[in-house]
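K.L.:
Pasting the sequence and the predicted coordinates here, then a few questions.
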Amino acid sequence: MSEKTIEDALDLQSSGKLTELRERVRRFIDEKVIPAEVVFESGGAEADEMLLELQTQAKHEGLWALGLPTEIGGGGLSFMDYVLINEIVGRSELAMFALGTHTAQDATMLNLFGTPRQKESWLYPMVRGEINPSVALTEPEVAGSDPTLIKTVAVLDGDEWVINGHKWFTTGANRAAFTTVFCVTEPDEPRHKRASMIIVPTNTPGYEIVRVVPTMGHQHGGHCEVRLTNVRVPKGNLLGTRGEGFFIAQKRLGPGRIFHCMRWLGQAQRAFDLMCNRSLNRYAHGSLLSEKQMIQKYIADSATEIQAARLMTLEAAKKIDQGNEARVEIAMIKVFGAKVLHDVIDRAIQVHGALGVTSDTPLEKMYREARYARIYDGPDEVHTASIARRILKIYKEGESWSPDGN
């Protein structure tokens, strides 16, 4: 089924203009971003200069921050159009930074809940690409899959919040101008009303980056362990209202999961492209790999799974765009999309043989990154249980569940 047919089937209002924009984004990524990935991975001053140059080019070509409203400096795309752009952006991790999509969730959160002062201080500079954000949710002492267990606390002392706690996987904190801290401010309220979000500039006394946590293949990545010791910030740094932390977090994470799943499709498609090209050019045991039935099955299974994941993700996105929380659908695509991402990359590595596990192709890095997908934004097990629980609740109420909601 062609892309146009898929979108028509879902009643998406995709125009020729969007198709042209997707092609421009694809060309920018393939011609300028992907060739720069090796420099980006090396880190250091050269990587910083290269990224700034890419960002400047993206702005010049009208490809910067496409999913954010024009009134805050973004490209003004609708939610559904931006969903489809993210599929292309997903071809390269570097593309997220080069095109200003890496701050979209935080920018949306600040735009929805921030005060005018907060927007002047953090939102607008962030959208311009002058500063980076970070969010502190997860804690090493408690299960990250259950945020009601967090221990970080903030107490109001006059006109200041005093924050004490221990966070980790505060991604990007080592490069961020501020961290939005998820912390308990209402200890006597029900568990989903206990937490608030408070903006903490990273240069605040008592804010300490303990270390950048080494993760799979990354000794110097961006997943930071952070300790907050008597950190004092103004009362006005509260984001939204007291006890609204879970609500704000869901507003940030819900659409963000859609964008993640679309970017996974971009990664899977890139791995698929590499697999197909390798099979057409590698000769072994009397024939090309493409002529061997086992390899043909890898290709057929991968194409089928990518297509299924894409349709599921677009359907979930459509429901969100219509005002539906789509919690079952989002959980489904989170679990299924992560598996498809892993399996397609895994098959591509197998087709490449020894070459696939070297850094001569992007596949080995893609494979490591794919493993994270089953954990961040909630582990698969939590989402799987949520799917069953929500569906069974419908049946307990005497109704039935179907994908179209009827």
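P.N.:
Thanks, I have it.
K.L.:
which residues in the stretch 101-250 of the chain form strands?
P.N.:
Along the stretch 101-250 of the chain, the segments classed as strands by DSSP state E, counting those that start in this stretch run 133-136, 153-157, 160-171, 178-184, 195-201, 207-212, 223-234, 238-239.
K.L.:
and the ones you listed as JSON lines, adding mean pLDDT and distance to residue 124?
P.N.:
Yep, even glycine has a C-beta here, placed from its N, CA and C like the rest. Converted to JSON lines, the strands of the stretch 101-250 of the chain look like this (pLDDT from 0 to 100; distance: least, C-beta to C-beta, whole Å):
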{"stretch": "strand 133-136", "mean pLDDT": "96", "distance to residue 124": "12"}
{"stretch": "strand 153-157", "mean pLDDT": "97", "distance to residue 124": "25"}
{"stretch": "strand 160-171", "mean pLDDT": "96", "distance to residue 124": "22"}
{"stretch": "strand 178-184", "mean pLDDT": "97", "distance to residue 124": "13"}
{"stretch": "strand 195-201", "mean pLDDT": "98", "distance to residue 124": "14"}
{"stretch": "strand 207-212", "mean pLDDT": "96", "distance to residue 124": "23"}
{"stretch": "strand 223-234", "mean pLDDT": "97", "distance to residue 124": "19"}
{"stretch": "strand 238-239", "mean pLDDT": "98", "distance to residue 124": "16"}
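K.L.:
Which of the ones you listed sits closest to residue 142?
P.N.:
strand 160-171 (9.8 Å; C-beta to C-beta).
K.L.:
Tell me the gap between the closest one and the middle of its chain.
P.N.:
Centroid separation for strand 160-171 versus its chain: 22 Å, with C-alpha atoms, centre = their mean, to the nearest Å.
K.L.:
same check, this time on stretch 175-192
P.N.:
Worked out by C-alpha atoms, centre = their mean, stretch 175-192 lies 21 Å from the chain centre.
K.L.:
re the thing from before, of all the strands of the stretch 101-250 of the chain, which one is nearest residue 143?
P.N.:
strand 160-171 (12.8 Å).
K.L.:
what pairs with the closest one, and is each one parallel or antiparallel?
P.N.:
Paired strands of strand 160-171, with direction, are strand 153-157 (antiparallel), strand 223-234 (antiparallel) (DSSP bridges).
K.L.:
which of these is buried the deepest?
P.N.:
Compared across those, strand 223-234 shows the largest average neighbour count, a mean of 18 (mean count of other C-beta atoms under 10 Å).
K.L.:
From the rest of the structure, what touches that one?
P.N.:
If you take C-beta atoms under 8 Å, 6 or more residues apart in numbering as the criterion, strand 223-234 is touched by 134, 136, 140, 152, 157, 159-174, 179, 181, 198-201, 204-213, 215.
K.L.:
tell me, what residue is most central in the chain?
P.N.:
Closest residue to the average C-alpha location of the chain: residue 260 at 4.1 Å, with C-alpha atoms, centre = their mean.
K.L.:
Now that one: closest residue in space, sequence neighbours ignored.
P.N.:
In space, and not counting its chain neighbours, residue 260 is closest to residue 377: 6.3 Å by C-beta to C-beta, 6 or more residues apart in numbering.
K.L.:
And what about the one you found, helix, strand or coil?
P.N.:
Look at residue 377: counting by DSSP: H, G, I helix; E, B strand; the rest coil, its state is coil.
K.L.:
next one: the one 5 residues further on
P.N.:
The three-state label for residue 382, taken from three-state DSSP, comes out as helix.
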